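In: From the sequence below, what's the structure:
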Amino acid sequence: MSGLGPTAPEQQADEMEKELKSPDPRPDAPPDYNSHFVQGPPGVAVPPLAGYPGGLPMAYYGLQQPRAFPYCQPICGTHPIQYQPGKYPVSSQPAPITWMPGTTLVPNCPPGLEYLTQLDNIHVLQHFEPLEMITRFECNNKYDVKNSLDQMVYTVTEDTGDFIRNAYRTLRPFVLRVTDCAGREVMKLQRPFRCTCCCLCCASTRQELEVQCPPGVTIGFVRDHWNLCRAVYSIQDARREAALRVRGPCSTYGCGADSVFQVTSLDGASSVGSIIRKWNGLMSAMGQADHFDIRFPLDLDVKMKAMIFGACFLIDFMYFERSPHQNRR
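Out: Next up, the predicted model:
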């Protein structure tokens, strides 16, 4: 009868037949692994490996060929990668400025000069101004003041009008502002205008520099004196009484050698320090990027240190600053 189910012997035969069949580990339909696949640029062809006569399957990248990976291909050109993945080359930026550490308050010391109490040697570096060499337009001078460890101590900036600066050139009156790391003006150097058309030995024609620290409080003067063969200066206190003397070389225009200005006592018997204009090459001299090395005793009065520091700038303007007409000659 067709409506009857299989008999017991037939059920046993079907179960035995299923047990004899080997199980198939493959699923009925392979999983879809391409649902998250993003097509990339084609890679370099990989040669067949040993044991794989037909080559590697499609979309298979051999570990022995790192250039076959799409993300290892250079973006522009065929130059090899010069840095590790994830490490980006550092852009060329100027080195950060390192300032001299701050100091505590020193008794009987004008505010801002505490740095000089710890120093016996400072370097004054003038900025190079390409505009002056190209256009002959006189720019405001700028200087960096550093210690022997190449740490910044002060910055010096000239504050002079364009007309006065370009009309009078090296004879111009100027104001130099000395600032510290906090941008505080700690010193002011002021040079008045002096006419040089009169007799050279006349006192009214001699150059002079006033040093104020803090600005508005005069602590001394640097005065130029007439001499037949060398530069001579006197460092005076606030009452215009001479305290030190500066003697320069017979010739300050020597090429290839340093110019030394000795700081001595009034009688010249003892040496107190020196102001040395360093020779840094012909390009430095043509670009008026002067380098001064100032030396004084560590235990010298801090006001006298500031006066020697101020004398450096008067010497620079009188002997080492050149107008365009002087440069052509």
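
In: how many other residues sit next to Cys181?
Out: Neighbour count of Cys181, defined by other C-beta atoms under 10 Å: 16. Heads up, the C-betas are built off the backbone N, CA and C, glycines and all.

In: Next, give phi and psi for it.
Out: In terms of degrees, to the nearest 10, the main-chain angles of Cys181 are phi -70, psi -30.

In: Could you check how far it is from Met307?
Out: From Cys181 across to Met307, the span is 23 Å (C-beta to C-beta, to the nearest Å).

In: With Leu176 instead?
Out: Relative to Met307, and taking C-beta to C-beta, Leu176 is found at 14 Å.

In: likewise Ile315?
Out: Computed with C-beta to C-beta, the distance linking Ile315 and Met307 is 13 Å.

In: And for Pro111?
Out: Counting by C-beta to C-beta, the gap from Pro111 to Met307 is 17 Å.

In: Likewise for Gln236?
Out: From Gln236 over to Met307 the distance is 8 Å, taken as C-beta to C-beta.

In: quick one: which of Pro111 and Met307 has more around it?
Out: Met307 (25 against 12).

In: Mind listing what's buried along stretch 289-307?
Out: Of the residues in stretch 289-307, 290-296, 300, 302-307 count as buried by neighbour count, 16 or more other C-beta atoms under 10 Å.

In: do the same with stretch 233-247
Out: For stretch 233-247, by 16+ other C-beta under 10 Å, it's Tyr233, Ser234, Ile235, Gln236, Asp237, Ala243, Leu244, Arg245, Val246.

In: With stretch 263-283 instead?
Out: By 16+ other C-beta under 10 Å, the buried positions in stretch 263-283 come out as Val263, Thr264, Val272, Gly273, Ser274, Ile275, Ile276, Arg277, Trp279.

In: Same list, those, but as CSV with distance to Pro214, pLDDT and secondary structure please.
Out: Converted to CSV, these look like this (distance: C-beta to C-beta, whole Å; pLDDT from 0 to 100; DSSP: H, G, I helix; E, B strand; the rest coil):
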residue, distance to Pro214, pLDDT, secondary structure
Val263, 24, 97, strand
Thr264, 29, 96, strand
Val272, 24, 95, strand
Gly273, 23, 95, strand
Ser274, 27, 96, strand
Ile275, 24, 96, strand
Ile276, 28, 94, strand
Arg277, 28, 92, strand
Trp279, 35, 83, coil
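
In: Check the residues you listed against Thr104 and report the nearest one.
Out: Proximity of the buried residues of stretch 263-283 to Thr104 (C-beta to C-beta) peaks at Gly273, which lies at 24.9 Å.

In: if I pick the closest one, what's in contact with it?
Out: Residues counted as contacts of Gly273 (C-beta atoms under 8 Å, 6 or more residues apart in numbering) are Val263, Ile294, Arg295, Phe296, Pro297, Leu300, Ile308.

In: And the closest residue to it other than its chain neighbours, its phi and psi?
Out: Among residues not flanking Gly273 along the chain, Phe296 sits closest, at 3.5 Å (C-beta to C-beta, 6 or more residues apart in numbering). Per-residue torsions, Phe296: phi -160, psi 160 (degrees, to the nearest 10).

In: So for Phe296, what pLDDT did the model give?
Out: Phe296 is assigned 96 on the pLDDT scale.

In: so it makes contact with Ala306?
Out: No: the pair Phe296 / Ala306 is not scored as a contact, 10.3 Å apart, by C-beta atoms under 8 Å.

In: Which of the three states applies to Phe163?
Out: Per DSSP: H, G, I helix; E, B strand; the rest coil, the local secondary structure of Phe163 is helix.

In: show me what contacts it?
Out: Phe163 neighbours (C-beta under 8 Å, 6+ apart): none.
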